[in-house]
Each structure stands twice: as C-alpha cells, then as structure tokens.
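Engineer: Have a look at this prediction, sequence included:
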Amino acid sequence: MTNYRKYLYPFAAVLLSIALAACAGTREMTDFSIVGEAPGFEDNVLTLAEGESNLLGGRAHFDNETTDSVIGALINWSSSDEDEEYVSIANTGRVTAVSSTTLLPVPVEITGRYNGFEDKITVDVEPSGL
C-alpha cells in the first residue's frame with residue numbers, strides 16, 4: 001500500500017496558502033504622512049534649536065484602514081532651504097537645525113515623497129540669543 005500522506009499534506013498546505021492569500025486581498029496605498037520622533041514634532045511642525053536634530057520617517061496609509069511605518073531612508077527628502085543655511089536633511093531622514101537667526105524663527109519646508117505620494121512639514125528653527 002502506497003503512503004499518500006507524504007504527497008497529500010504538502011499539496012494541502014499549498015492549497016491552503018493560496019486560499020488564505022486570496023482571502024487576504026490586496027491593499028492599495030491611499031496616503032502618506034511624515035512622522036517624527038518625540039519631542040518637538042507636533043501638527044506637522046517640528047521645532048528645533050540650533051544644533052538639534054530629529055529623525056523623520058513616514059507612515060503609509062492603505063484603503064483597508066491599515067498603516068505601515070516607512071523608515072526615513074526609503075523616503076525621497078527635499079527642503080525649501082536648498083543651501084542648507086538653516087536646516088539640513090539627510091537621506092536617512094535626519095533633519096538638523098544648522099543655524100538660526102537672532103530675531104525671528106526661520107520656517108523651512110521639508111517634503112517627503114514615497115511611492116507616488118508626498119507630505120510636507122515645517123521645521124521652525126528657534127531664534128538664538130534671546
């Protein structure tokens with residue numbers, strides 16, 4: 001008598017995997033948002049003093065109301081401060097206040113792009129010498 005179990009169990013496992021994958025469906029990304037490590041990041045505004053930094057990342061939002069974290073290195077970063085006079089942004093998502101003014105906060109817009117979506121935040125560099 002032939003032992004069919006050694007063939008039946010792997011075949012059943014493959015069928016079960018296919019069925020579970022079909023039931024799970026696919027997710028469509030619907031939005032992207034920038035997130036920062038605490039403290040200093042609130043309501044899409046990050047406040048930094050000269051020399052301070054914060055690691056930015058992202059959150060991918062999907063049509064099934066789930067989210068995934070996105071590490072900063074996977075996000076395409078750009079800054080309105082192209083000369084990095086006040087703020088620098090590294091490819092890893094590390095944003096650093098390079099220098100500040102003596103009178104007014106300097107707002108710099110940081111844009112993060114991921115998988116066809118983008119989000120923007122403002123980095124306020126606090127004035128020094130007050």
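Structural biologist: Cool, got the structure. Numbering: from 1, shown residues only.
Engineer: Go ahead and confirm Asp119 touches Gly36.
Structural biologist: No - here Asp119 lies out of contact with Gly36, judged by CB atoms under 8 Å, at a distance of 11.5 Å. Quick note: C-beta positions are derived from backbone N, CA and C, even for glycine.
Engineer: Counting neighbours, go ahead and name the busier of these two.
Structural biologist: The residue with more neighbours, out of Asp119 and Gly36, is Gly36; 21 against 18, by other CB atoms under 10 Å.
Engineer: May I have the beta-bridge partners of that one?
Structural biologist: For Gly36, the beta-bridge partners are Leu56 (DSSP bridges).
Engineer: got it, and Thr47?
Structural biologist: Residues in beta-bridge contact with Thr47 (DSSP bridges): Asp124.
Engineer: count of neighbours near it?
Structural biologist: 17.
Engineer: One more: Asn91?
Structural biologist: 11.
Engineer: so where's this structure uncertain?
Structural biologist: Applying pLDDT under 70 to the chain flags residues 1-25, 38, 102, 129-130.
Engineer: give me the element the residue nearest in space to the middle of it is part of.
Structural biologist: Centroid-nearest residue in the chain, with CA atoms, centre = their mean: Gly58, separated by 1.4 Å. Per DSSP states H and E, Gly58 falls inside strand 53-62.
Engineer: For that strand, name the packing helices and strands.
Structural biologist: strand 29-36, strand 45-48, strand 67-70, strand 94-97, strand 106-114, strand 117-125 (3 or more CB pairs under 8 Å, 6 or more residues apart in numbering; DSSP states H and E).
Engineer: Many thanks, have a good one.
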